[in-house]
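K.L.:
based on what follows, work out the 3D shape:
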Amino acid sequence: MSVFLTVGTTSFDQLVRAADDPSLPARLQARGYSSLTLQLGRGSYLPTRLVPPGESEASHAGFTVRCACTRALSEPLWLPSAHALHSTATSASHPT
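P.N.:
Numbers count the residues shown, from 1 in each chain. As a prediction, this is how the structure comes out:
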């Protein structure tokens, strides 16, 4: 099982900071989870305790942590917003 933590396009630095806890992988693994994915928005806090700066993935004793953190200061890396996906789909089905 996997945990997916997303803050959308907003800033929830306190939540991201709480998830950037070196003890979290072991605690989640004890509950049957095998990975954690963090997807960030416009926050200023970049989690670097679980995933080294410049990396997008790290392993902690068999537990994988992925982070959409490798970005310019406030640019989200992956997972376009639902609005962007809808706009793209609408444009493709209704060309101008």
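
K.L.:
show me where the protein has its strands.
P.N.:
2-6, 35-39, 57-60, 63-68 (DSSP state E).

K.L.:
need these in CSV with mean pLDDT and mean neighbour count, can you?
P.N.:
Placement of C-beta: from N, CA and C, glycine included. CSV is the format used below for the strands of the chain (pLDDT from 0 to 100; neighbours: other Cβ atoms under 10 Å):
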stretch, mean pLDDT, mean neighbour count
strand 2-6, 93, 14
strand 35-39, 93, 19
strand 57-60, 93, 14
strand 63-68, 92, 20
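
K.L.:
nearest to D20, of the ones you listed?
P.N.:
strand 35-39 (8.0 Å; Cβ to Cβ).

K.L.:
hang on, the earlier thing: tabulate the strands of the chain in a markdown table, adding columns for distance to R17.
P.N.:
Formatted as a markdown table, these follow (distance: least, Cβ to Cβ, whole Å):
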| stretch | distance to R17 |
| --- | --- |
| strand 2-6 | 12 |
| strand 35-39 | 11 |
| strand 57-60 | 17 |
| strand 63-68 | 13 |
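
K.L.:
Q14: which of those strands is closest?
P.N.:
strand 2-6 (12.5 Å).

K.L.:
good, wrapping up.
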